[in-house]
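> Following is a predicted model, sequence given first.
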Amino acid sequence: MTGMETYSAFEAMFDELDSAVGEFADQQTTTAADAIAAFTHDGGNVRTLSDEEFAVTHEPTSELDEWDEPWPVTYGVDGSTTRSLRFDNGLIAGASAAKLGVSGESDNTDLARRTTTTLVAHLNDENFSLSSVRGADLDIPDNVSAHIFQLPSSDRTSRIEEYVVDASRTYAEGKHACDLASELDGPLFVDGPLYPNPVFSWMLFEQSKMGNRHINKVWPEMIADILQNYVSTIETMYENDLPVVGIVKTGRSSVALTALEEKIRNADLDEMEPPLPWTSDIQLFSNALHTEDDLYGDRGHIISYTPWLFQTSQNVQGESVVPFGTFDGVSLQYGDPQEYQRAFFYARCPRSGTVMRVETPYVFARNDRVRKRIQRKALVELAQQQNEPRAITFADENARITRNDRKNLRDLIQSAAAVEDRNEQRGHDRFESE
C-alpha cells in the first residue's frame, strides 16, 4: 500500500505533469480530428474504403433506435485459460475452454451449452509422450469436445510458457467457432482481432525475411491448424451471408498512425508535420472521437465513430508483408489473400467512453451495402451495452475458468509438485478471464 509521504510526492509530480500538458494543449495546432482527415491521401498500407471525407460522426443513441435491425440474433465467441501450470519436474501445461454466447431470440440457444476444451503440455524430454492420449477416448459429457496436444521437445527458450498457453487458448476459440459456424443464423462477434495474437504474428515472421520464430520451427502444424480454423470460420460465414466481426478493446498498434504520417508527408500538408504527438492508434482515435456532448450536451448520449479503413499489408521489422500471401500452412478458399485482410473502423461507446476497433474481413467490407450493415449492427450493440456486444459478454461469462478451478486442476497432477511464484501466491496473478 502506498504511504502518505510517497503519495504526496506522486501528487506533486502529477500536478506538474498536468500543468505541462495544459500548456501543450494551448499551443497545439493540430487536433486528432484534423489529422485523421488526411487518411484520404495516398501513402502507407492503410486506405479508406470510400471517396467520402474521412471525419468522425457523432450520433445521438436515440436515433439508433430508428435504424433497421440488420440481424436480430448475434453470437459471440470467447475463451478462458488456466494460464501456465508449472511443476518441478519441468512439466508446463495450459488448459483452455471456449464458449459461444447467444443474444436475441434464437432457436440455437443450445449452442451456448457446447464447449471446446484444450490441454497443451510440454516436458522437454524425448521420453515424455502424449501420443497415445486422444480426447475422443476420454469420459466427458456429450456437449464437450476435448483436444490434448504436446508441444514438442526443443531448444530451451524463455517463451515456452507463452507458447503453451497461447496455443491452448487460440486453438480452443478457433476450433469452437469453426465447428459451430455452419449452425449460426446471425453475425459472429469475436472477442479480439479476427486473427489471434500472437499466432498471427508468428505467421508474419515466417513470411518475412526475419525468418521463423522458435515456435514456427518446432510446431508449424499447430500454427497452421489454429489459423485455418479462423479462416474456415470466415469462409463458412461468408457462404451463409453472415459476417464475422472482431472487437478489439485494447492494443498498442500504431498501424493506422504510421500510415497517416506517411500520407501527410506525401501530401506535403503545410498545416501538419510528422511526427504526430500520439504514440498509438488507440490514443489517436480516442482523441478524435472524444466529445463533451456525450455527457453534457442537449442531444442525449452520443456514440462516435469513424468511416472504414482497410489495411492492405503488415509491416514486419520494416518489411511489407501480405498476411497469408506466402504462408503455405493455410488453404484459402477464395484464393486472393486480399479478401482476408482486415477492414476496420473505430467507435467510442456512449457514457463509458471506451474506444474499440471493429474489424471485418475485406471479403465482407468490399461490398458497400454489407459494410454499412455491419457498422450499423456493431454500433447498435456498442450503444446498447456501452461496452462490447452482449453476445461476447455472455461467452466470456460462460467460458471463465476461475482461480479455484485453476488450483484444483493443478492439484490433479500428483506425479510432480507445483511451482508457484511469489506474486501468484500473493494474489497478484489474475487469471479469471482471458
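Done, it's in.

> Enumerate every residue touching the closest residue to Pro220 other than its chain neighbours.
In space, Pro220 comes closest to Gly329 once its chain neighbours are excluded; the distance is 6.4 Å by CB to CB, 6 or more residues apart in numbering. Quick note: C-beta positions are derived from backbone N, CA and C, even for glycine. By CB atoms under 8 Å, 6 or more residues apart in numbering, Gly329 lies in contact with Met203, Pro220, Glu221, Ile223, Ala224, Leu227, Gln228.

> Can you lay out the residues you listed as TSV showing secondary structure, neighbour count and pLDDT?
Listed next are the contacts of Gly329 as TSV, based on DSSP: H, G, I helix; E, B strand; the rest coil; neighbours: other CB atoms under 10 Å; pLDDT from 0 to 100:
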residue	secondary structure	neighbour count	pLDDT
Met203	helix	26	94
Pro220	helix	16	93
Glu221	helix	9	96
Ile223	helix	25	96
Ala224	helix	18	97
Leu227	helix	23	98
Gln228	helix	17	98
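
> Of the residues you listed, just say which sits nearest to Ser254.
Ser254 has its nearest neighbour among those in Met203, at 20.1 Å by CB to CB.

> ok, the closest one to Gln228 distance?
According to CB to CB, to the nearest Å, Met203 and Gln228 sit 11 Å apart.

> How about Arg390?
29 Å.

> Lys249 now?
Taking CB to CB, one finds Lys249 at 26 Å from Gln228.

> Val244 and Pro361 touch, don't they?
Yes. Using CB atoms under 8 Å, Val244 is in contact with Pro361, at 6.7 Å.

> Give me the common contacts of these two.
Shared contacts of Val244 and Pro361 (CB under 8 Å, 6+ apart): Leu194, Ile234.

> need the strands for the stretch 201-350 of the chain, in chain order.
Using DSSP state E, counting those that start in this stretch, the strands of the stretch 201-350 of the chain run over 244-248, 302-305, 309-311, 314-316, 319-321, 342-348.

> Measure how buried Gly325 is and give me the count.
Counted with other CB atoms under 10 Å, residues neighbouring Gly325 total 15.

> Would you list the phi and psi of Val322?
The phi/psi pair for Val322 (degrees, to the nearest 10) reads phi -90, psi 110.

> I'd say it and Gln341 touch.
Yes. Val322 is within contact range of Gln341, at 7.5 Å (criterion: CB under 8 Å).

> Give me the more crowded residue out of the two.
Set side by side, Val322 and Gln341 show more neighbours around Gln341, with 23 against 18, by other CB under 10 Å.

> With adjacent residues omitted, what lies nearest to His290?
Nearest residue to His290, sequence neighbours excluded (CB to CB, 6+ apart): Arg348, at 7.1 Å.

> Give me the mean pLDDT for the longest strand along the chain.
Looking across the chain with DSSP state E, the single longest strand is strand 92-103. In this model, strand 92-103 carries a mean pLDDT of 97.

> That strand pairs with which strands?
Strand 92-103 has these partner strands in its sheet, going by DSSP bridges: strand 74-81 (antiparallel), strand 85-87 (antiparallel), strand 115-122 (antiparallel).

> Quick check: which of the ones you listed is buried the most?
Ranked by mean neighbour count, the strands paired with strand 92-103 are led by strand 74-81 with a mean of 29 (mean count of other CB atoms under 10 Å).

> residues in contact with Pro361?
Residues in contact with Pro361 (CB under 8 Å, 6+ apart) are Leu194, Ile234, Tyr238, Val244, Glu339, Tyr340, Gln341, Arg342, Ala343.

> For Arg410, state which of these is nearest.
Using CB to CB, those come closest to Arg410 at Leu194, 32.5 Å.

> So that closest one belongs to a strand, correct?
No. Leu194: not assigned to a strand; according to DSSP: H, G, I helix; E, B strand; the rest coil it is coil.

> If we ignore the residues flanking it in sequence, what's nearest it?
Gly246 (4.2 Å).

> Count the residues that sit near the one you found.
So Gly246, with other CB under 10 Å, has 22 neighbours.

> if I read this right, it contacts Leu188, doesn't it?
No. Using CB under 8 Å as the test, Gly246 is too far from Leu188 to be in contact (9.8 Å).

> and Pro243, how many neighbours does it have?
25.

> and it, what is it in contact with?
By CB under 8 Å, 6+ apart, the contact list for Pro243 reads Pro187, Leu188, Met237, Thr360, Phe364, Val370, Arg373, Ile374.

> how many neighbours does the fourth one have?
Just to be clear, that refers to Thr360. Neighbour number of Thr360 under other CB under 10 Å is 25.

> Show me the beta-bridge partners of it.
In this structure, Thr360 bridges to Ala343 when assessed by DSSP bridges.

> quick one: contacts for it?
So Thr360 contacts Leu194, Pro243, Val244, Val245, Gly246, Arg342, Ala343, Phe344, Arg371, Ile374 (CB under 8 Å, 6+ apart).

> what does the second one give?
Contacts were defined as CB under 8 Å, 6+ apart; by that measure Leu188 touches Thr74, Tyr75, Gly76, Val77, Ala177, Ala181, Thr233, Met237, Leu242, Pro243, Val244, Val245.

> Would you reformat these as CSV and include distance to Asp107 and pLDDT?
What follows is the contacts of Leu188, written out as CSV (distance: CB to CB, whole Å; pLDDT from 0 to 100):
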residue, distance to Asp107, pLDDT
Thr74, 14, 96
Tyr75, 13, 98
Gly76, 17, 98
Val77, 19, 98
Ala177, 19, 98
Ala181, 16, 98
Thr233, 21, 98
Met237, 18, 98
Leu242, 15, 98
Pro243, 20, 98
Val244, 21, 98
Val245, 22, 98
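
> what's the farthest-apart pair in these?
Thr74 and Thr233, at 15.1 Å, using CB to CB across those.
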